[in-house]
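Undergrad: what's the 3D shape of this:
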Amino acid sequence: MNKISSKMVITTPDLSKAGGVSIFVNAFKGRWNLEEIYFVRGGKGNNIFIKVILTIFDLFKFLWTAIKYRKEIFFINTSMNENAFKRDALFLNLLKILDIHPNVFIHGFKASFFQQLSYNQLKVLENSQNIFVLSQEHKDLICRKINFKNIYIETTVADEKFATFPFPEKKIEPTKLNILFLGRLENRKGIWQLLEAFESLDAEKLNISLEIVGHGTEEMAIKEWLRVKQLSNIKFSGKLMGEDKVKAYNRNQLFILPSDIEGEGLPITVIEAMFAGLVVLSTKAGGVVDFFQNDKMGTILDSNNSIEITEKIKYIASKTSNELENISNYNKQFANKNFRVDIVANRIKNIILNGTSKNN
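TA: Sure thing, here's the model as predicted:
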């Protein structure tokens, strides 16, 4: 950089609330070797009038912050969806007017929304110093729309306490496989297809169990479905946090993510599962496809229909204990080499601090 900055201004959601961006920002706290200034945005509730007033207030606050720290580093956390990008584009345009070139980390990415945006709506990204995305697909989409070269594929990270937890080596018996679903209970997460698959597995009398951890819009319907079906191979645990969540990863051997949500970045649950040494069964959700090694890490689902889920679970169960334990150990090693907070922070920091700065 032409000037060594001592401060970094970081936009963030309310860090007390759950969410991938909050986890990311919290994980990086104190790791930049710079004075960190946090600008909290979003979270205005559902009242449109109040949201507009508070957004205007935020813009004035951000303008003051940008003028005060205009020679420092700016790190804008956003997502490519209707609410986040439209809001954060206002901040980005303010920075452009002030000739400040921020680093932009795009977490979630809704391709259908992105395709609707014109060049004029996106060209504010050309004012960036660097852009970080979570998958090659997202990088390719941006490159087709704007003229900008400093786009880097990065990863999300697990909470440091979770990533450093001493998970024991797993002993996996394919004839008694415990599977974990951990995430939001929503239609697009594939939870109903997964339940249908387990109904089939139960009918085949296979010794495979499922633990459901999470909460969301489908929670009551799922509980009712389980009450009616009375399947002995499914356990509903609800929302788990902290040590209880760690225990859930510990008592299962296979993690499943049957999501078909458009706009997935890189699901943090997959990263957590790998740190815990679980075999992974996942759709090509967001950035998963960019690093996932089929058979070495588990198995990719080409679709999230119940028939494929059933067949892929049976495929995993057909492997030997030795094969599954090798996958488990490989996932732990891979996560520790690639997804630890200090490693990801150093990669991003080196790009920001050692790249060419436009902030003179």
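
Undergrad: how about low-confidence regions in the stretch 251-360 of the chain?
TA: Using pLDDT under 70 as the threshold, the predicted model of the stretch 251-360 of the chain has low-confidence ranges 261-263, 355-360.

Undergrad: same thing but 90
TA: 260-267, 284-287, 289, 304, 342, 345-346, 353-360 (pLDDT under 90).

Undergrad: for it, which segments count as helices?
TA: In the stretch 251-360 of the chain, helices defined by DSSP state H, counting those that start in this stretch lie at 268-275, 288-291, 306-317, 321-338, 341-354, listed in chain order.

Undergrad: need the winner for burial among the ones you listed.
TA: Stretch with highest mean neighbour count among those: helix 268-275 (a mean of 26; mean count of other C-beta atoms under 10 Å). Quick note: C-beta positions are derived from backbone N, CA and C, even for glycine.

Undergrad: and Val270, how far from Arg347?
TA: Val270 is 19 Å from Arg347, where distance means C-beta to C-beta, to the nearest Å.

Undergrad: next, the buried residues of stretch 220-235.
TA: 222, 225, 231, 233-234 (16 or more other C-beta atoms under 10 Å).

Undergrad: contacting residues around the closest residue to Lys176 other than its chain neighbours?
TA: Counting by C-beta to C-beta, 6 or more residues apart in numbering, Lys176 lies nearest to Asn207, which is 5.1 Å off, once chain neighbours are set aside. Neighbour list for Asn207: 175-177 [criterion: C-beta atoms under 8 Å, 6 or more residues apart in numbering].

Undergrad: show me where pLDDT drops low in the stretch 101-250 of the chain?
TA: Counting by pLDDT under 90, the stretch 101-250 of the chain has low-confidence residues at 108, 156-164, 174-175, 188, 202-207, 232-233, 241-242.

Undergrad: recalculate using a threshold of 80.
TA: Counting by pLDDT under 80, the stretch 101-250 of the chain has no low-confidence residues at all.

Undergrad: of all the helices of the stretch 251-360 of the chain, which one is nearest Asn147?
TA: Ranking the helices of the stretch 251-360 of the chain by proximity to Asn147 (C-beta to C-beta) places helix 341-354 first, at 19.4 Å.

Undergrad: helices or strands up against that closest one?
TA: For helix 341-354, the elements it packs on are helix 20-28, strand 130-133, judged by 3 or more C-beta pairs under 8 Å, 6 or more residues apart in numbering; DSSP states H and E.

Undergrad: if we use 6 Å, what do you get?
TA: In terms of contact count using 3 or more C-beta pairs under 6 Å, 6 or more residues apart in numbering; DSSP states H and E, helix 341-354 is assigned no packing partners among helices or strands.

Undergrad: list the buried residues in the lengthiest helix in the chain.
TA: When secondary structure is assigned using DSSP state H, the longest helix within the chain turns out to be helix 48-68. Taking 16+ other C-beta under 10 Å as the basis for neighbour counts, the residues of helix 48-68 that come out buried are 51, 54, 58-59, 62, 65-66.

Undergrad: check stretch 120-128 too.
TA: Of the residues in stretch 120-128, those with enough neighbours to count as buried (16+ other C-beta under 10 Å) are 122, 124-125, 127-128.

Undergrad: and that stretch, how far from the chain's centre?
TA: 24 Å (C-alpha atoms, centre = their mean, to the nearest Å).

Undergrad: ditto for stretch 275-290
TA: With C-alpha atoms, centre = their mean as the basis, stretch 275-290 stands 11 Å off its chain's centre.

Undergrad: could you do stretch 205-220 as well?
TA: Relative to its parent chain, stretch 205-220 has a centroid offset of 21 Å by C-alpha atoms, centre = their mean.

Undergrad: got the buried residues for that stretch?
TA: By 16+ other C-beta under 10 Å, the buried positions in stretch 205-220 come out as 206, 208-214, 218-219.

Undergrad: ranges for the strands of the protein?
TA: If DSSP state E is used as the criterion, the strands of the chain fall at 7-12, 35-40, 73-80, 103-109, 130-133, 151-153, 177-182, 208-213, 234-238, 254-257, 279-283, 298-301.

Undergrad: hey, which of these is tucked in deepest?
TA: For the strands of the chain, average neighbour numbers computed from mean count of other C-beta under 10 Å are highest in strand 254-257, which has a mean of 26.

Undergrad: only C-alpha atoms, please: export that one in PDB.
TA: Once side chains and other backbone atoms are set aside, the C-alpha atoms of strand 254-257 remain, and they are given as PDB (Å, rounded to 0.1, in the frame of the first residue of the first chain):
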ATOM      1  CA  LEU A 254     -22.300 -38.200   8.800                       C
ATOM      2  CA  PHE A 255     -23.400 -34.600   8.100                       C
ATOM      3  CA  ILE A 256     -26.000 -33.900   5.500                       C
ATOM      4  CA  LEU A 257     -26.800 -30.700   3.700                       C
END
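
Undergrad: return the list of strands paired to it, each annotated with direction.
TA: Strands adjacent to strand 254-257 in the sheet, as given by DSSP bridges, are strand 177-182 (parallel), strand 279-283 (parallel).
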